[in-house]
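**Student:** Got a sequence here, can you model it:
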Amino acid sequence: MAEISILIADDDYMFCRLTADLIRAQGYQVDTASSCEEVRALLNAKDYDLMMQDMCFPALQDGFAMLEEAHAAFPRMSILMISGSGHIPDAVNAIKHGANDFIEKPIARDHLFIRLSRLSESIIMHRDLHNLQVSSIGMIGSSAPMQKLYDAIIRAAKYDVPVLISGETGVGKELAAKAIHRLSEHSAKDLVIVNCASIPHELFEAELFGYEKGAFTGAAGKHQGYFEYAENSSILLDEISELPMPEQAKLLRVISEQEIQKLGGKTKKVNTRIICASNQDLPQRIKDGDFRDDLYYRISSIVIDIPPLRHRPQDIIPLCEYFISSFCIRHQISPKTLAPSAAAWLMEQKYPGNVRELKNTVERALVFSQNDTLTVVDFTTERNFEGNEAPTYRDIVQNFERRFLEQSLISHDLNISKTASYLKMDKSNLWKKISALGIDIPRK
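**Tutor:** Here you go, the predicted model:
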């Protein structure tokens with residue numbers, strides 16, 4: 001049997017001790033608590049699969065308050081309520097308040113073992129399913145904030161209602177949207193991603209809803225809009241805060257009526273799961289008069305806030321190791337490791353650009369490192385000026401060129417052809433510039 005951890009919450013010391021000894025002998029991990037304060041401390045310090053709580057806990061009170069508190073804070077933890085009265089209404093109320101099962105005192109040993117065995121099977125099944133869902137999310141991090149985020153993504157995927165994903169730039173809002181779509185019933189089709197800030201105002205309706213032939217001058221044929229592409233799928237409206245007020249009104253009608261009207265055409269019902277993302281404080285934008293409150297209420301049936309990297313520093317090194325491994329595999333170079341001093345330095349940084357900035361920092365160090373171990377020097381050395389003399393104008397220009405080319409190479413996975421095309425340079429001239437600036441490209 002997989003290991004199951006149990007917390008017994010009862011102010012009857014002898015009952016706790018005897019019951020704990022009894023079920024420990026069956027292979028369960030057991031802790032006991034005799035006060036609400038102990039329960040809270042243990043629940044916050046350790047992940048429990050099951051809590052066995054007395055109906056009159058704390059003493060002379062009904063246990064529904066503690067039951068509701070524990071269930072709200074730890075929804076994946078099963079709860080077995082224990083009662084000395086055996087009243088049916090107590091059992092019904094316990095289930096209504098979040099308990100999974102109910103058992104009476106005095107508890108017969110065999111009866112207890114049967115209940116625990118049934119609950120354990122359910123716990124293991126849900127744990128395996130949850131772990132599978134978390135692995136499919138594709139985000140890195142095991143911190144408490146990330147565990148809450150995974151739970152929120154999994155819950156949101158179950159319900160076909162609008163979702164608003166908020167968070168600072170670079171935290172992974174698009175990754176979260178893709179995970180919601182992948183875990184939803186719409187996963188058979190691709191997620192349609194729309195950057196609202198990139199659509200010109202005059203083309204908003206045409207791009208989102210499409211148009212018929214002859215709808216306006218230059219409309220030589222019918223055109224499918226993003227919402228039509230997202231039929232029976234999901235659409236991510238990224239940077240939703242950047243929509244001007246007139247466009248917000250048009251989008252509101254689509255969400256409220258679940259229908260679109262193509263330019264020059266009739267209205268048409270759409271079955272599309274809407275996911276929105278924003279790095280802005282939308283409630284504040286509403287107060288400032290820049291965002292419609294009725295649109296906000298429509299898109300925020302579920303709100304998922306992704307924590308910034310500074311709020312989960314324990315995820316920094318796992319993220320770095322993932323970026324290092326992925327980079328080495330992608331570019332077919334020998335594996336590299338992270339020196340302890342470099343790991344300590346990375347942990348001290350602030351990362352205002354969050355995970356995106358961390359990824360760029362690691363990849364830049366990888367591109368220009370000459371060793372199999374990344375050190376602090378690889379992350380901190382600025383290829384700018386030697387000696388203590390004041391930089392000349394030529395030094396400043398060369399340093400800017402070097403940094404610009406380095407970032408361009410990283411952005412295009414060290415592909416010379418793609419970088420040259422992006423910079424609108426001849427490939428041979430790019431090679432000459434790389435050589436002149438002393439930029440080292442790692443060999444495969």
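**Student:** Any idea which residue is closest to the centre of this structure?
**Tutor:** In the chain, the centroid-proximal residue (Cα atoms, centre = their mean) is A176; its distance is 4.6 Å.
**Student:** Which secondary structure element is home to that residue?
**Tutor:** Using DSSP states H and E, the element containing A176 is helix 173-183.
**Student:** Pull the residues that contact that helix.
**Tutor:** Here helix 173-183 makes contact (Cβ atoms under 8 Å, 6 or more residues apart in numbering) with 133, 136-139, 149, 153-154, 156-158, 163, 165-167, 187, 191, 193, 233-234, 236, 238, 273, 275, 277, 279, 304, 306. All C-beta spots, glycine's among them, are computed from the backbone N, C-alpha and C.
**Student:** dump the residue contacts of M347.
**Tutor:** Counting by Cβ under 8 Å, 6+ apart, M347 has contacts P313, I316, I317.
**Student:** per-residue pLDDT, it?
**Tutor:** M347 carries a pLDDT value of 92.
**Student:** before we move on, what about E69?
**Tutor:** Reported pLDDT for E69: 89.
**Student:** And I434, by the same measure?
**Tutor:** 85.
**Student:** do the one 3 residues further on as well
**Tutor:** Taken from the predicted model, the pLDDT recorded for L437 is 81.
**Student:** does M52 sit in a helix, a strand or a coil?
**Tutor:** State at M52, reduced to three classes by DSSP: H, G, I helix; E, B strand; the rest coil: strand.
**Student:** let me redo that: I103
**Tutor:** strand.
**Student:** burial of it, as a residue count?
**Tutor:** Applying other Cβ atoms under 10 Å, we find 18 residues neighbouring I103.
**Student:** That one and S83, how far apart?
**Tutor:** 8 Å (Cβ to Cβ, to the nearest Å).
**Student:** What is the helix or strand bottoming out on mean pLDDT in the chain packed up against?
**Tutor:** Taking mean pLDDT, DSSP states H and E as the measure, the chain has helix 393-411 as its least confident helix or strand, at a mean of 74. For helix 393-411, the packing partners by 3 or more Cβ pairs under 8 Å, 6 or more residues apart in numbering; DSSP states H and E come out as helix 354-368, helix 416-423, helix 427-436.
**Student:** same thing but at 7 Å, please
**Tutor:** helix 354-368, helix 416-423 (3 or more Cβ pairs under 7 Å, 6 or more residues apart in numbering; DSSP states H and E).
**Student:** need the least confident one among those helices, by mean pLDDT.
**Tutor:** Across the helices and strands packed on helix 393-411, the lowest-scoring stretch is helix 416-423, with a mean of 86.
**Student:** May I see the buried residues of that one?
**Tutor:** Buried residues in helix 416-423, defined by neighbour count with 16 or more other Cβ atoms under 10 Å: I416, T419, A420, L423.
**Student:** Spit out the contact partners of the first one.
**Tutor:** Which is I416. K427, L430, W431 (Cβ atoms under 7 Å, 6 or more residues apart in numbering).
**Student:** Between helix 173-183 and the lengthiest helix in the chain, find me the angle.
**Tutor:** Criterion DSSP state H: the longest helix present in the chain is helix 109-137. Calculated by axes from the mean of the first three to the mean of the last three Cα atoms, to 10 degrees, helix 109-137 forms an angle of 120 degrees with helix 173-183.
**Student:** List only buried entries from the contacts of helix 173-183.
**Tutor:** 133, 137, 139, 149, 153-154, 156-157, 163, 165-167, 191, 193, 233-234, 236, 238, 273, 275, 277, 279, 304, 306.
**Student:** and the helix or strand hosting F15, average pLDDT?
**Tutor:** Element membership of F15, judged by DSSP H and E, is helix 13-24. In this model, helix 13-24 has an average pLDDT of 92.
**Student:** Got the domain ranges for this structure?
**Tutor:** 5-130, 144-305, 311-436 (automatic domain parsing).
**Student:** Where among those domains is average confidence lowest?
**Tutor:** domain 311-436 (a mean of 83).
**Student:** Could you give the separation of that one from the chain centroid?
**Tutor:** Its chain's average C-alpha position is 26 Å from that of domain 311-436, according to Cα atoms, centre = their mean, to the nearest Å.
**Student:** counting contacts, what elements does the longest helix of the chain pack onto?
**Tutor:** Using 3+ Cβ pairs under 7 Å, 6+ apart: helix 109-137 touches strand 78-83, strand 101-104, helix 144-158, helix 173-183.
**Student:** how far off helix 13-24 does it point, in degrees?
**Tutor:** 70 degrees.
**Student:** got the buried residues for helix 109-137?
**Tutor:** Buried, per 16+ other Cβ under 10 Å, within helix 109-137: L112, R115, L116, L119, S120, I123, Q133, V134, I137.
**Student:** Give me the neighbour count for A342.
**Tutor:** Under the criterion other Cβ under 10 Å, the count of neighbours that A342 has is 22.
**Student:** ok, it to R356 distance?
**Tutor:** Where R356 is concerned, A342 sits at a distance of 20 Å (Cβ to Cβ).
**Student:** Now the terminal residues of stretch 233-242, how far apart.
**Tutor:** With Cα to Cα, to the nearest Å as the measure, stretch 233-242 spans 24 Å from end to end.
**Student:** now it: how far from the chain's centre is it?
**Tutor:** With Cα atoms, centre = their mean, you get 16 Å for stretch 233-242.
**Student:** try stretch 301-318
**Tutor:** 7 Å.
**Student:** what's the span of that stretch, first residue to last?
**Tutor:** 32 Å.
**Student:** List the buried residues for it?
**Tutor:** Neighbour-count burial for stretch 301-318 [16+ other Cβ under 10 Å]: I302, V303, I304, D305, I306, P307, P308, L309, R312, D315, I316.
**Student:** how many other residues sit next to A152?
**Tutor:** Burial measure for A152: 19 neighbouring residues, criterion other Cβ under 10 Å.
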